[in-house]
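> Just a sequence and a predicted model for now, questions to come.
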Amino acid sequence: MKVQINTDKNIEGSARLESYFAAEVEKSLDRFQDKITRVEIHFGDENGEKFSLHDKKCVIEVRPVKLQPITVTDHADTLEKAFSGALAKAKKSLTTTFEKIKAH
């Protein structure tokens, strides 16, 4: 499973940021390891330098093998909270998707 992290012009991407979020994705989605080809994470700050609540956005796109990509979005006050919310949604969506396939 390949993890790719993208940031918009308002978020400074660093190697530490990338390694932390990539490790969290791999740990959280470990049980789906053989069913996923790639995970793309997009971070954004919708208001730039202006302060606003819930202006940090995290979009996670998971690409399962032989299935359509699954995309989830979460907004929060910080990147970490937005990431955690989006990751929880992605994990739930993957669980539901693979349980439906197993049931058939």
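All right, it came through fine. Everything numeric in this text was worked out from a predicted model, so none of it was measured.
> List the contacts of the closest residue to Gly13 other than its chain neighbours.
Leaving out its chain neighbours, the residue that sits closest to Gly13 by CB to CB, 6 or more residues apart in numbering is Thr7, at 4.2 Å. Yep, even glycine has a C-beta here, placed from its N, CA and C like the rest. The contact partners of Thr7, by CB atoms under 8 Å, 6 or more residues apart in numbering, come to 13, 42-44.
> Of those residues, which belong to helices?
Members of these lying in helices (criterion: DSSP state H): none.
> who's the residue nearest in space to the middle of the chain bridged to?
Closest to where the C-alpha atoms of the chain average out (CA atoms, centre = their mean) is Ile60, at 3.0 Å. Listed beta-bridge partners, Ile60: Ile41, Val72 (assigned using DSSP bridges).
> and it, what pLDDT?
For Ile60, the model assigns a pLDDT of 98.
> I figured it was touching Phe43, is that so?
No: if you go by CB atoms under 8 Å, Ile60 and Phe43 don't touch, sitting 10.1 Å apart.
> In contact with the closest residue in space to Phe32 that isn't next to it in sequence, which residues?
Computed as CB to CB, 6+ apart, the closest residue to Phe32 that is not its neighbour in sequence is Leu94, at 5.4 Å. Taking CB under 8 Å, 6+ apart, we find Leu94 in contact with 29, 32, 35-36, 62, 64, 70.
> Mark which of the contacts of Thr7 are buried, thanks.
Buried members of the contacts of Thr7, counted by 16 or more other CB atoms under 10 Å: 42-44.
> Tabulate those residues (a markdown table), appending distance to Lys89.
Conversion of these to a markdown table gives the following (distance: CB to CB, whole Å):
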| residue | distance to Lys89 |
| --- | --- |
| His42 | 14 |
| Phe43 | 15 |
| Gly44 | 16 |
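> I'd like to know how far the nearest residue to Asn47 once chain neighbours are set aside sits from Asn10.
Nearest residue to Asn47 in three dimensions, chain neighbours excluded: Asp55, at 4.3 Å (CB to CB, 6+ apart). Shown here: Asp55 relative to Asn10, a distance of 9 Å by CB to CB, to the nearest Å.
> Lovely, talk soon.
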